[in-house]
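> Predicted model and sequence follow; I will ask about them next.
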2 protein chains.
Amino acid sequence: MKEKEFINIIKTITKSDFIGDDCAYLKNLGIVISQDNLVEDVHFSMKFTDAYKLGYKSAMVNISDIAASGAEPAYMTVGLSLPDNIDVEFVKNFYKGVKNTALGIEIIGGDITGGDKIFISITIIGKTKGRKISSRQNAKDGYKIIVSGPHGSSAAGLQQLYEGNTNKFTEKHLMPKAKIEFSKYIAENIKSDYAMMDTSDGLMDALMQISRMSNVLLDVDFNKIPYDKDLEQFDNYKDLILYGGEDYELVACVPEDFYVPNSFEIGKIKKGTGVKIDGKYIKNAEEKLFNHFKEQK
Amino acid sequence: MKEKEFINIIKTITKSDFIGDDCAYLKNLGIVISQDNLVEDVHFSMKFTDAYKLGYKSAMVNISDIAASGAEPAYMTVGLSLPDNIDVEFVKNFYKGVKNTALGIEIIGGDITGGDKIFISITIIGKTKGRKISSRQNAKDGYKIIVSGPHGSSAAGLQQLYEGNTNKFTEKHLMPKAKIEFSKYIAENIKSDYAMMDTSDGLMDALMQISRMSNVLLDVDFNKIPYDKDLEQFDNYKDLILYGGEDYELVACVPEDFYVPNSFEIGKIKKGTGVKIDGKYIKNAEEKLFNHFKEQK
C-alpha cells in the first residue's frame, strides 16, 4: 500500500480540502501548518547518523515544507518517542541539533514518550503576513520553471552511506539546508500566483505533482538542471538527479519576467499534461519515485 | 529516565518559555497548539482496542488538551506511522474514529509513513477568540477547586482489560469524552484569571502541578470527588480515583462566586504549598503517578 492510496482514503473520509498538500494554509489565522514523521530504520538509521544530526535534519525537513509554501517558519512542536535505552546525552544533542537549525524559530512544545524505536513527528507553523503563499495548482502556460540549487547529491550520499563511505555527498544527505532565502525572496516580491514545492521526494515527483495539480506540461532540459559534476562517477547519476529525494531544494513555476536571485531556470510551462525531459514524455515515473513504503520492503 | 527530566533538559537547551505546558499559547496569532503522541504497546494495545476506537481516542486526547486551555478546538493534523501489514480497512476505520470525535474540528493534514509499530502523533490548534485562556499559574488563595466529572473509571477499565473483562469501565477507558462544554462555559464567561488542566495523567498529578506552578496549597475533601460507586468493589479504588489517569475530566481553580454548571467542588485554594487530601499532606505522590516511561518497564 502506498502513501498516496492512504491519502485518497483519508480525503474521502475526512472530506477535507487541505489533505494532500505539504502545508495547510489557514487564511483566517494567517498561518500555514505542516507535520512530518521520521521513523527509525524507515527514514533514517542510527548506523549512519547521530543525535545532533538527526535533530538538525528532522527540523530542517519541516522547515523545508514551510519554505515550499512561501511562509516564514515561526514555531515548532516536537513529538518524540524514544526507546528506554536512550540516555540524557542523546536528548541533549538531538535538541541542540533542532535548535541549531531553527534559527529564529521558537520551539513551543511537544511530547516525549516511550517506544521501541525512535519516532519523531514535528509540526511547524509558518506566518503568512507580508507574503504570497504558493499552491501546486498555480503553474501557468508561459511560466518558467526554476530550482534553488543542485539535485542528486543527497541520494548519492545515501547510496554512499550504505557502502560504508563518508564524503561530501553523505554530508549533503545528513545535513540538508532548507532554502528559506529563495522562498522568502519569491513570497515577498512576486505579484502573480505561483507554484512551489520542495524536492524532498525527488525533483521528478515535484514536477509530476505540479503538472497534475495545475493541469499543464512541464518541459525540462536535463542539461539545465544544476548538479555536482562529481555525480557523474555514478552509473545511475541521471536517476539520482531526477528521482533521488531529500535534496530539499525548491522548484518554483513563476512568470517569465520575474527575476529570482540565485535561481536556475530548468524549463518552461506549456499547454498540455505531464513532464517532458529533453523533449521526451516521462512514463512510469511512479516506479522510480522515492517512496518510503516501497523502500521498506 | 522520566518524561519530566527530559522536559527540563529540553527547556534548558531550547530556552523556550512554552515547553512544559500541554498547550502553547501564541497570543499574536490567537491560537493555542498542542501535540501528543500515542505509541502502540506503550499507550495502547491492539489486543484491547480496534482501529475505530483508537482513532476516536487519539483525537479525543488531543481535544482534551485544548479544552484544558479554554480555547475552541478548531484544526487537527494527524501523523501516523503504520506497519506494513496494516490494511486499508484499518486506515478507514481509524479516520472514521478521528472524524467522529472531531465534530466541527477540521482535519487539515498530516503524514503517513511506515514503521514497526503503530505510532500516532496528533497536533491540534484551538482558537482563542472570545475566550479567556487558562494557565496553571493562575490558582489563587480563596479560589474553589472544581472538577467536570467522576474520576477513577478509566484506570479501573485498564485494569479490567488486563484481566480480560469488558464492561462500563473498559468503555470509559477506550472511549473517553473531552469536556469541551465545561471548558467553553468557563472560558467564555469568566472575568478573572483561572487555572485549568485535564486529568489525563491523574487527578493528583493535575493538583500537584497547579500547586507547584501557582505556589499555593490545594486543600481537597476526598468525599467530594465524584466517582462511580461501583469502583468500591476494587481494593485500590481510592488510588484509582486519585492517581489513575485518562479520565480526561477537567480540574479548574476559579473564584468562589463564579458558578459553573455541572461542576463539582472538591476543595479550596489556600496559602501554602502542596496538596492536602482530608487535611493530610500528600507525600511521595510521584511514585504513584501515572508515568508511561515507568509503566513500560
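Received, thanks. Numbering: from 1, shown residues only, chains lettered A, B, ... in the order given.
> which residues touch A:Pro73?
Taking C-beta atoms under 8 Å, 6 or more residues apart in numbering or on different chains, we find A:Pro73 in contact with A:Ile63, A:Ile66, A:Ala67, A:Ala102, A:Gly104, A:Ile105, A:Ile124, A:Gly126, A:Ala178, A:Ile180. Heads up, the C-betas are built off the backbone N, CA and C, glycines and all.
> Restricted to strands, list those residues.
Secondary structure defined by DSSP state E assigns A:Ile124, A:Gly126 of the contacts of A:Pro73 to strands.
> of the contacts of A:Pro73, the lowest pLDDT goes to which?
Least confident of the contacts of A:Pro73 in the model: A:Ala102, at 75.
> residues contacting that one?
A:Ala102 is in contact with A:Ala59, A:Ile63, A:Pro73, A:Met76, counting by C-beta under 8 Å, 6+ apart.
> Could you export those as TSV, including distance to A:Lys184 and secondary structure?
Compiled in TSV, the contacts of A:Ala102 are given as follows (distance: C-beta to C-beta, whole Å; DSSP: H, G, I helix; E, B strand; the rest coil):
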residue	distance to A:Lys184	secondary structure
A:Ala59	18	helix
A:Ile63	12	helix
A:Pro73	10	strand
A:Met76	18	strand
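> Could you single out the nearest of the residues you listed to chain B?
The shortest gap between chain B and any of the contacts of A:Ala102 belongs to A:Met76, at 9.4 Å (C-beta to the nearest C-beta).
> From B:Gly244, how far off is that closest one?
33 Å (C-beta to C-beta, to the nearest Å).
> likewise A:Gly244?
From A:Gly244 over to B:Gly244 the distance is 51 Å, taken as C-beta to C-beta.
> try A:Tyr75
When C-beta to C-beta is applied, the distance between A:Tyr75 and B:Gly244 equals 34 Å.
> Out of the two, name the residue with the larger neighbour count.
Neighbour comparison, A:Tyr75 and B:Gly244: the larger count goes to B:Gly244, with 28 against 24 (by other C-beta atoms under 10 Å in any protein chain shown).
> Quick check: A:Leu82 touching A:Gly114?
Yes. Between A:Leu82 and A:Gly114 there is a contact under C-beta atoms under 8 Å: 6.8 Å.
> hey, where'd the strands end up in the stretch 151-297 of chain A?
According to DSSP state E, counting those that start in this stretch, the stretch 151-297 of chain A carries its strands in the segments A:195-198, A:217-220, A:250-254, A:264-270, A:274-277, A:280-281.
> Report the contact partners of A:Val216.
For A:Val216, the contacting residues are A:Ala139, A:Lys140, A:Asp141, A:Ile210, A:Ile269, A:Lys270, A:Lys271, A:Gly272, A:Thr273, taking C-beta under 8 Å, 6+ apart as the criterion.
> For A:Asp235, state which of these is nearest.
Each of the contacts of A:Val216 was scored against A:Asp235 by C-beta to C-beta, and A:Ile210 proved nearest at 28.8 Å.
> still on that earlier bit, which one of the strands of the stretch 151-297 of chain A lies nearest to B:Ser153?
Between B:Ser153 and the strands of the stretch 151-297 of chain A, the tightest spacing by C-beta to C-beta is seen for strand A:195-198, at 46.7 Å.
> wait, does that closest one contact chain B?
No. Strand A:195-198 is not in contact with chain B by C-beta under 8 Å from any C-beta of the partner chain; minimum separation 14.0 Å.
> Likewise for stretch A:52-63?
No. Remark: stretch A:52-63 sits outside contact range of chain B, by C-beta under 8 Å from any C-beta, the gap being at least 9.7 Å.
> For the most centrally placed residue in chain A, give me the pLDDT.
Among the residues of chain A, the one closest to the centroid is A:Ser200, at 3.0 Å (C-alpha atoms, centre = their mean). In the predicted model, A:Ser200 carries a pLDDT score of 92.
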